[in-house]
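S.K.: With the sequence up front, the predicted model follows.
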Amino acid sequence: MNICVLKILVLCLLLPHRRHHGSHARSGEGPVPVGSAVPTWLKLTSDDVKEQIYKLAKKGLTPSQISVILRDSHGVAQVRFVTGNKILRILKSKGLAPDLPEDLYHLIKKAVAVQKHLERNRKDKDAKFSLILIESRIHRLARYYKTKRVLPPNRKYESSTASALVA
């Protein structure tokens with residue numbers, strides 16, 4: 001073998017692996033840094049942040065929307081560092097948590113959008129297949145939440161009543 005080929009092979013084995021297929025060939029980005037100290041420039045106290053969370057939740061915003069607003073408008077990078085609790089736990093303590101978990105809600109919303117598309121375009125086989133995949137994800141996630149007792153055990157997803165859940 002050529003020496004150049006050997007060098008390339010060694011470099012490929014030593015460098016971090018990257019994703020070759022998919023939309024981005026990227027290396028792992030890692031988690032949020034561990035340092036849980038509140039930035040010195042942040043003037044908001046824990047109670048101020050909690051009041052903002054309660055106010056935004058009463059407007060009907062989801063926990064992820066609340067965190068985006070707190071990050072962009074108030075400079076709170078991580079609510080957990082300031083308050084000691086995550087947004088959803090803060091909302092649960094006040095009884096303001098949404099009855100459907102956010103990830104399940106968005107999957108149901110996506111399924112309803114695909115169903116509406118299929119009503120207009122009956123021959124779209126790809127959309128039909130993607131609806132099957134989305135609904136299987138919904139069932140899998142619902143089963144997980146039932147075991148964790150986030151959802152009641154008699155709750156069942158039905159495509160006919162799904163649009164009422166999202167509306």
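M.R.: Here it is on my side, so go on. Predicted model only: the values in this text are computed from it and were never measured.

S.K.: Spell out which residues make up each domain of the protein.
M.R.: 46-94, 102-166 (automatic domain parsing).

S.K.: Redo those domains as JSON lines? Include mean neighbour count, distance to residue 3 and mean pLDDT.
M.R.: For every residue, glycine as well, the C-beta is placed using N, CA and C. Below are the domains of the chain laid out as JSON lines (neighbours: other C-beta atoms under 10 Å; distance: least, C-beta to C-beta, whole Å; pLDDT from 0 to 100):
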{"stretch": "domain 46-94", "mean neighbour count": "16", "distance to residue 3": "49", "mean pLDDT": "94"}
{"stretch": "domain 102-166", "mean neighbour count": "14", "distance to residue 3": "48", "mean pLDDT": "94"}
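
S.K.: Over to residue 96. Which of the three states is it?
M.R.: At residue 96, secondary structure determined by DSSP: H, G, I helix; E, B strand; the rest coil is coil.

S.K.: burial measure for it, as a count.
M.R.: Neighbourhood size, residue 96 [other C-beta atoms under 10 Å]: 15.

S.K.: Next, the contact list for it, please.
M.R.: Taking C-beta atoms under 8 Å, 6 or more residues apart in numbering, we find residue 96 in contact with 54, 57, 58.

S.K.: returning to that earlier point: of all the domains of the chain, which one is nearest residue 38?
M.R.: Distance to residue 38, taken as C-beta to C-beta, is lowest for domain 46-94 among these, at 5.5 Å.

S.K.: mind listing what the nearest residue to residue 157 once chain neighbours are set aside touches?
M.R.: Counting by C-beta to C-beta, 6 or more residues apart in numbering, residue 138 is the residue found nearest to residue 157 once chain neighbours are left out, at 5.3 Å. When contacts are counted by C-beta under 8 Å, 6+ apart, residue 138 touches 104, 107, 108, 111, 157.

S.K.: quick check: longest helix of the chain.
M.R.: The helix spanning the most residues in the chain, taking DSSP state H as the definition, is helix 125-147.

S.K.: Now do that one: distance to the chain's middle.
M.R.: Distance, stretch centre to chain centre, for helix 125-147: 16 Å (C-alpha atoms, centre = their mean, to the nearest Å).

S.K.: Next: stretch 160-167.
M.R.: Worked out by C-alpha atoms, centre = their mean, stretch 160-167 lies 20 Å from the chain centre.
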